[in-house]
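# What would the 3D arrangement of this be:
(one chain, ligands or ions: 1)
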Amino acid sequence: MARMIVVDRDGKEHEIEAKPGLKVMEILRELDYGVAAICGGLCSCATCHVYVDESWVARLPKPQSDELELLNELPDYNAATSRLSCQVDFTEALSGIKVSIAPDT
Ligand code: FES
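The predicted structure is shown next:
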């Protein structure tokens, strides 16, 4: 089983087991401190917003235009590290990735 480090909105780090093949959002929404993911992954709600640790950003595929458009509308958008977790596939190669849950918008 792969793992992921999740920083909750209080700044507390959690190391969790994570199943490759799922979207990062699908892993995070199962956590009490995770994401709401209201639209279910349709790239329309932005309630799955996370900040990817800078050392991992370059290892992810670049965001598509619809993800970027939605991210750009967020008050807490960080151009370097923000992603919509429903648009990121969790793979074995990403085991150990650190993501921080963005503030509620
Ligand atoms: S779950 Fe709605 S945009 Fe990601």
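# now stretch 2-10, how far from the centre of its chain.
Offset of stretch 2-10 from its chain centre (CA atoms, centre = their mean, to the nearest Å): 10 Å.
# what pLDDT, on average, does that stretch get?
Averaged over stretch 2-10, pLDDT sits at 98.
# buried ones in the lengthiest helix in the chain?
Looking across the chain with DSSP state H, the single longest helix is helix 65-72. Neighbour counts over helix 65-72 (16 or more other CB atoms under 10 Å) mark 67-68, 70-71 as buried. Just so you know, the C-beta spots here come from the backbone N, C-alpha and C atoms, and that holds for glycine as well.
# farthest-separated two in these?
Maximum pairwise distance among the buried residues of helix 65-72 (CB to CB): 7.4 Å, between 68 and 70.
# which bits of the chain sit near the ligand?
Contacts of the chain with the ligand, taken as CB under 6 Å from any ligand atom, map to 25, 37-39, 41-48, 84, 86.
# Quick one: residues contacting residue 84.
By CB atoms under 8 Å, 6 or more residues apart in numbering, the contact list for residue 84 reads 25, 43, 46, 48-50, 63, 67, 70-71.
# Show me those residues that map onto strands.
Among the contacts of residue 84, the members falling in strands (DSSP state E) are 49-50.
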